[in-house]
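Participant: any chance you can model this:
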Amino acid sequence: MKIRQMLKNGCILVVLVGLTACSEWGVKPWERDVLAKPEMQLIVSPIDAGLDDHIYFSKEGSSGGRSFGGGGCGCN
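Facilitator: Presented below is the predicted three-dimensional model:
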């Protein structure tokens, strides 16, 4: 009987720890300055990204490019 109670308490503890482990999601206001730095951006150079998108769009006529759907022969 004592083993069951210990097992039950252990399971409850594991569940509670699991529920509280991910309670800190999101970016805090004082952390946003770090993420706003230019080196943290996904696309550092918009001109290079535009050229890459044009090349990708021209070669992948069946998919239509990165951000929109489409089709065709790819003769852009």
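
Participant: every contact and neighbour count from this point should use C-alpha atoms.
Facilitator: Will do.

Participant: show me the shaky parts of this protein.
Facilitator: Counting by pLDDT under 70, the chain has low-confidence residues at 22-23, 59-76.

Participant: for it, what's the longest helix?
Facilitator: Counting residues, the longest helix found in the chain (DSSP state H) is helix 2-20.

Participant: residues contacting whichever helix or strand comes after that helix, please?
Facilitator: Sequence order places helix 32-35 as the next helix or strand after helix 2-20, per DSSP states H and E. Counting contacts by CA atoms under 8 Å, 6 or more residues apart in numbering, the residues outside helix 32-35 that touch it are 40-41.

Participant: now with 10 Å?
Facilitator: 27, 40-41 (CA atoms under 10 Å, 6 or more residues apart in numbering).

Participant: check stretch 7-16 too.
Facilitator: 1-6, 17-19, 21.

Participant: CA atoms of that stretch as PDB?
Facilitator: What follows is stretch 7-16, C-alpha atoms only, in PDB (Å, rounded to 0.1, in the frame of the first residue of the first chain):
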ATOM      1  CA  LEU A   7       4.100   5.800  -7.000                       C
ATOM      2  CA  LYS A   8       1.000   7.900  -7.200                       C
ATOM      3  CA  ASN A   9       2.800  10.900  -5.600                       C
ATOM      4  CA  GLY A  10       5.700  10.400  -8.000                       C
ATOM      5  CA  CYS A  11       3.400  10.400 -11.000                       C
ATOM      6  CA  ILE A  12       1.700  13.600  -9.800                       C
ATOM      7  CA  LEU A  13       5.000  15.200  -9.300                       C
ATOM      8  CA  VAL A  14       6.200  14.300 -12.800                       C
ATOM      9  CA  VAL A  15       3.000  15.600 -14.300                       C
ATOM     10  CA  LEU A  16       3.200  18.900 -12.400                       C
END
